[in-house]
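A.B. asks: Sequence and predicted structure below; questions after.
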Amino acid sequence: MCLVFSYLSISAAPPFAGTIFLDPDIILPSDPTTYLGLEDAGQGDRLMFDRRPEAFVTYHAFLFNASYFGDKSIEIQVNPEFETVEAARLKALRFAPVIGRLPNVLLKDVETVWIHKGNNPFGGGNNNLLIHTEQADDYISDGILEETLVHEASHTSLDADHAESEGWIAAQKADPDFISIYARDYPTREDIAETFLVWLAVRHRPDRISDSLKQTIEATNPNRLAYFDEQDFDFFPILIPEKTPKLKEFNLNLYRLDFYLKWESRFASLYNVETSVNLEDWYVLKAGIPSQGDITETSDELPDSFNRIFFRVKEKR
C-alpha cells in the first residue's frame, strides 16, 4: 500500500461531527437504481432487531422479495404493526429503489431489511439494513436518506473485511486525523463507514461537493482514501461500464414505412435514433429511449418517402 503524507498542520479535532450530514447530493433520488421489482411473500416469523426496546424480537412480519439487477435478491421484513399487507408493501416500496442506488459493493452482504415504526437510528451489520420510518422521514426531509444508507451498508458489507485489516490500521496511523468525531470516538466500529461515504464523494461525485469540502477530506484522510482506491470495488450503478452501441438487428419495411432496431446498450442510459440522407446532416427520429438492460430495441414509423436513408443510435450523455 502506498502511504501519502500530508504537510498540513494537524487539526485539534476532526473536521466534522458525522459525515452523513455533509452534503445531501452525493447520491440523488434521480440517480440510477438497480432495483427491478417487488414480490409479496406472505407473512412469517422473523427475528428482527428493534431499537425501541434495543433488543431482538420475533415478529410475524410481512415479507417481500426485492429483486435487483445482477440476480441480487433481498428479503424485506416489515413489522406487523403496519397492520395490513398494503400498508407494509408501501413501506417496502419506499425503500427498495433507494437501496438500489447504492454501489454493488455495499449490497454484497445485505440479505435482509428490517422496517419498523419509530424515530430511532438506522443500523447496519447482521447481513441487514435496519430502518425506522419516522427517522427516515427526517433523513428524507434533510435529503440524506441515500447517504445514511451508504453509511449503514458500509457496516454490513465492508467492516468485516476492512475495519481491522493491516492496511486500514496503517492508514489510520499515517493520516493527520479521523474524518469525524464519531469515527474518532469509535475507531474500529465507525471509521470505515464514516470514511467510505466521503471517499465516494471525492472520487466518484466530486462535481457534487464543494471544493473546500473536497480539500478538507483529502487533507485529513489521504491514506484512507488511498486504501479505498486500491480495492477492486464493484461500483455499479454509480460507475456504469462504457458500452458503445452495437447493432444487433435492423429491419426496414418500405411498404409500411416503419423500422425496427435492436442494439447492445448499457444500464440506465438513454438513446436517440437519428437518421440522415447524406451522412452529414443528422436528425433525431426518436429521442430519449430508455435502456432495457444489455439489449434495447425500438420500432417506429418513418418520415416521408426517401431515396436512401441512414440510421445511427447515439447514447445521450
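C.D. replies: Sure thing, it's come through.
A.B. asks: Can you pull out the low-pLDDT segments for the stretch 51-200 of the chain?
C.D. replies: Within the stretch 51-200 of the chain, the set of residues satisfying pLDDT under 70 is empty.
A.B. asks: residue boundaries of the helices in it?
C.D. replies: Counting by DSSP state H, counting those that start in this stretch, the stretch 51-200 of the chain forms helices over residues 85-99, 104-107, 133-142, 145-157, 159-162, 166-174, 181-185, 191-204, given from the N-terminal end onward.
A.B. asks: Tyr68: which of those helices is closest?
C.D. replies: Comparing the helices of the stretch 51-200 of the chain against Tyr68 with C-beta to C-beta, the closest turns out to be helix 104-107 (7.1 Å). No exception for glycine: its C-beta is placed from N, CA and C like everyone else's.
A.B. asks: and that closest one, what other elements does it pack with?
C.D. replies: Using 3 or more C-beta pairs under 8 Å, 6 or more residues apart in numbering; DSSP states H and E as the contact test, the elements touching helix 104-107 are strand 72-78, helix 145-157.
A.B. asks: Columns mean neighbour count and distance to Ala193 on top of these, output as CSV?
C.D. replies: Formatted as CSV, the helices and strands packed on helix 104-107 follow (neighbours: other C-beta atoms under 10 Å; distance: least, C-beta to C-beta, whole Å):
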stretch, mean neighbour count, distance to Ala193
strand 72-78, 21, 19
helix 145-157, 24, 4
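A.B. asks: Out of these, which gets nearest to Lys91?
C.D. replies: Closest approach to Lys91 among the helices and strands packed on helix 104-107 is made by strand 72-78 (5.4 Å; C-beta to C-beta).
A.B. asks: what's next to the closest one, contact-wise?
C.D. replies: By C-beta atoms under 8 Å, 6 or more residues apart in numbering, the surrounding residues in contact with strand 72-78 are 34, 38, 41, 46, 48, 59, 61-68, 88, 91-92, 95-96, 99, 104, 107, 110-115.
A.B. asks: chain center to that strand, what's the gap?
C.D. replies: For strand 72-78, the distance between its averaged C-alpha position and the chain's averaged C-alpha position is 16 Å (C-alpha atoms, centre = their mean, to the nearest Å).
A.B. asks: What spatial separation is found between Phe64 and Ser157?
C.D. replies: To Ser157, Phe64 is 21 Å away according to C-beta to C-beta, to the nearest Å.
A.B. asks: could the helices and strands packed on helix 104-107 be laid out in CSV, adding distance to Gly123?
C.D. replies: Formatted as CSV, the entries for those read as follows, by distance: least, C-beta to C-beta, whole Å:
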stretch, distance to Gly123
strand 72-78, 14
helix 145-157, 6
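A.B. asks: Out of the ones you listed, which is closest to Phe267?
C.D. replies: When the helices and strands packed on helix 104-107 are compared by C-beta to C-beta, strand 72-78 sits nearest Phe267, at 13.2 Å.
A.B. asks: Give the pairing partners of the closest one; include direction for each.
C.D. replies: When pairs are called by DSSP bridges, strand 72-78 turns out to pair with strand 55-68 (antiparallel), strand 112-116 (parallel).
A.B. asks: Can you convert the helices of the stretch 51-200 of the chain into TSV and add a column each for distance to Lys246?
C.D. replies: Conversion of the helices of the stretch 51-200 of the chain to TSV gives the following (distance: least, C-beta to C-beta, whole Å):
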stretch	distance to Lys246
helix 85-99	29
helix 104-107	24
helix 133-142	40
helix 145-157	33
helix 159-162	36
helix 166-174	40
helix 181-185	45
helix 191-204	27
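A.B. asks: Next up, the contacts around Asp191.
C.D. replies: Contact partners of Asp191, counting by C-beta under 8 Å, 6+ apart, are 163, 168, 172, 178-179, 183, 224.
A.B. asks: Grab the nearest non-local neighbour of Tyr271.
C.D. replies: In space, not counting the residues next to it along the chain, Tyr271 is nearest to Ile289; the distance is 4.5 Å by C-beta to C-beta, 6 or more residues apart in numbering.
A.B. asks: Quick check: which element contains the one you found?
C.D. replies: Assigning secondary structure by DSSP states H and E places Ile289 in strand 283-290.
A.B. asks: Could you pick out the longest strand of the protein?
C.D. replies: With DSSP state E setting the assignment, residue counts place strand 35-50 as the longest strand in the chain.
A.B. asks: Please name every helix or strand in contact with that strand.
C.D. replies: Packing contacts for strand 35-50, counted by 3+ C-beta pairs under 8 Å, 6+ apart, involve strand 55-68, strand 72-78, helix 85-99, strand 112-116.
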